[in-house]
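S.K.: With the input below, show me the fold.
(2 chains)
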Protein chains: 2
Amino acid sequence: MPALIECVPNISEGRRLDVVNQIVEAVKATPGLKWLDQTSDPDHNRSVLTFLGEPAVLKAALDTLFTEVSKHIDLTTHQGGHPRMGAVDVVPFIPIADCTMADCVALAKDVAKLVAEKFNVPVVLYEEAASAPHRKNLADVRKGQFEGLQDKLAKPEWAPDFGNNYPHPHLGATAIGAREALIAYNVYLHTSDLKIANEIAKAVRGSSGGMAYVKGMGLYTEERNQVQVSMNLVNYKKNPIYRVFELIKIEAARWGVQVAGSEIVGLVPQDALLETAAYYLQVEGYNPAMVLENKIRTTA
Amino acid sequence: MPALIECVPNISEGRRLDVVNQIVEAVKATPGLKWLDQTSDPDHNRSVLTFLGEPAVLKAALDTLFTEVSKHIDLTTHQGGHPRMGAVDVVPFIPIADCTMADCVALAKDVAKLVAEKFNVPVVLYEEAASAPHRKNLADVRKGQFEGLQDKLAKPEWAPDFGNNYPHPHLGATAIGAREALIAYNVYLHTSDLKIANEIAKAVRGSSGGMAYVKGMGLYTEERNQVQVSMNLVNYKKNPIYRVFELIKIEAARWGVQVAGSEIVGLVPQDALLETAAYYLQVEGYNPAMVLENKIRTTA
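M.R.: Predicted structure coming up:
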């Protein structure tokens, strides 16, 4: 099977939907591309595109994306609520099937070279593709935004991995990287007390002492009159869903609160759920080749 | 996507491996067929073949199977430990992807017609394809075996669904049907007391009052000095793995015995594990389209 990689580019246009649609239609026409989703946010003034393909297909799709974006988006006049440094702001590659993270890093570098050489857009590699630890975190890479790029890219520690040490006049710079799929996962509690959800979120998320690769906050939902712990699991392989879920139950017990239910926002990679089933069923020596469909897929 | 159906024919030869291999090689050569497994048992004098394909591909493979078997297997001289009524004894079809049980029933009838008309082998449809409730259970269909066929097929209640009311001279008759995938699942207990495993098996299996679609018995394993509840879950959609597993834990608690682990023998359909994960994580409104790989598969 050829490598199947997901790509989720974010572009800095979420208001002029005719422009976004024109860009999307051009990218969609890439032979071999599987289109999954398009979401535009006018407040953020940003659109998130989601598609899949083999490396060569994705490279062709991104070539088209930059060609179209360079015609229509000018960051010198761009305003919006979401931080951004490029017209094509960020391009993450995510391993889905028959490939490794290393394949995604290689593709990130290959596309970065194309973007720098063909479009004169400097590229900083991030996350798994980062060339130094301080360049891993996208928020750090993007700090200072488009307006601060001229100064930032001139500093040795922020010199682009590909392209010039100064931004493209209207396209800025692009962060290209590789990362695991993230799971947006919310756990509802049998209480309306937001303080409890916030305390649990604090106990569970990595930034305040809980679990690595977990981001989270408490939220109150009017509709249910319940609170939720709203999370992004940014590496479900290193901290699987079941471990996060069980920790939430343990922390909720301090207030005598039960879990009401949970929800998966968007899509979840199947191995995240398969591993979860293997954990709860105590399956010894579980491996994905035990799953009929995986066996079928890997059988000639 | 074309319908993907699994077929697990059992043939009445498990000793002359040269003969089995000759038959297998011919069937394997069917264009479009995905071969999964071949197991021969000399005590049973029987071989189990497992392969996959679209309906037309499976029909062609079974045409070849009957052609080859009719050259090499003669039930008038066959001896073995496993009940059998045909040289090709039983042919189950199992829905795997992009098809329903009704598609498998339709295929069973289509193949049954071919077998009766081209090979003069009478066919009794069983399980989901059965033409009457008393003909559902394979053990009932096969009762009396090859030696009793002449009398049995002449009875109105056992008249074949396709073909003559008397057996083929050396090929007997064949049971062709459709059923859900079955999961062979064993749960180990932290005890060496076989009585406990037997009591739990009795409490859990449908034949003695437990759960429908669960077959089970206690077994002692020398290697681990532990007992296991050894099961076949013959319809994991109606009684999912997690429900059976949790009932075993509940019954084991009566003796203060903990579950040591579990094992899946052979292959498990992915939706059996996905549903299990959704149960334990309390995912609200779970449906298979939430799974990234399913979404990919159903996206053009």
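S.K.: Give the buried residues for stretch A:20-38.
M.R.: Residues A:20, A:23-24, A:26-28, A:30, A:33-36, A:38 are the ones in stretch A:20-38 that count as buried (16 or more other CB atoms under 10 Å in any protein chain shown). C-beta: built from backbone N, CA, C; applies to glycine.
S.K.: Export those to a markdown table and append columns for pLDDT, secondary structure and distance to A:Arg142.
M.R.: Converted to a markdown table, those look like this (pLDDT from 0 to 100; DSSP: H, G, I helix; E, B strand; the rest coil; distance: CB to CB, whole Å):
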| residue | pLDDT | secondary structure | distance to A:Arg142 |
| --- | --- | --- | --- |
| A:Val20 | 97 | helix | 21 |
| A:Ile23 | 98 | helix | 21 |
| A:Val24 | 98 | helix | 23 |
| A:Ala26 | 98 | helix | 26 |
| A:Val27 | 98 | helix | 23 |
| A:Lys28 | 97 | helix | 27 |
| A:Thr30 | 98 | coil | 27 |
| A:Leu33 | 96 | coil | 27 |
| A:Lys34 | 93 | strand | 28 |
| A:Trp35 | 92 | strand | 26 |
| A:Leu36 | 88 | strand | 24 |
| A:Gln38 | 86 | strand | 22 |
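S.K.: Considering these, which is situated nearest to B:Val123?
M.R.: B:Val123 lies nearest to A:Lys34 out of those, by CB to CB, at 42.2 Å.
S.K.: So the closest one is in contact with B:Thr299, correct?
M.R.: Yes - with contact defined as CB atoms under 8 Å, A:Lys34 reaches B:Thr299; the gap is 5.5 Å.
S.K.: Is chain B within reach of stretch A:47-64?
M.R.: Yes - Stretch A:47-64 reaches chain B (CB under 8 Å from any CB of the partner chain) through A:Leu52.
S.K.: domain assignment for chain A?
M.R.: Listed by automatic domain parsing, the domain ranges of chain A are A:4-178, A:183-267.
S.K.: so how far is the last one from its chain's centroid?
M.R.: Centroid separation for domain A:183-267 versus its chain: 19 Å, with CA atoms, centre = their mean, to the nearest Å.
S.K.: which residues touch A:Leu247?
M.R.: The contact partners of A:Leu247, by CB atoms under 8 Å, 6 or more residues apart in numbering or on different chains, come to A:203-204, A:210-211.
S.K.: Next up, phi/psi of the residue in chain A sticking out farthest from the centre, please.
M.R.: The outermost residue of chain A relative to its centre, with distances by CA atoms, centre = their mean, is A:Gly256 at 34.7 Å. Dihedral angles phi and psi of A:Gly256 (degrees, to the nearest 10) take the values phi 60, psi 30.
S.K.: what do you get for A:Val88?
M.R.: The phi and psi values for A:Val88, taken as degrees, to the nearest 10, are phi -90, psi 110.
S.K.: cool, A:Val229 as well?
M.R.: phi -100, psi 110.
S.K.: shouldn't it be in contact with A:Glu199?
M.R.: No - taking contacts as CB under 8 Å, A:Val229 lies outside contact range of A:Glu199: 9.7 Å.
S.K.: residues shared between the contacts of these two?
M.R.: Common neighbours of A:Val229 and A:Glu199 (CB under 8 Å, 6+ apart) are A:Gly218.
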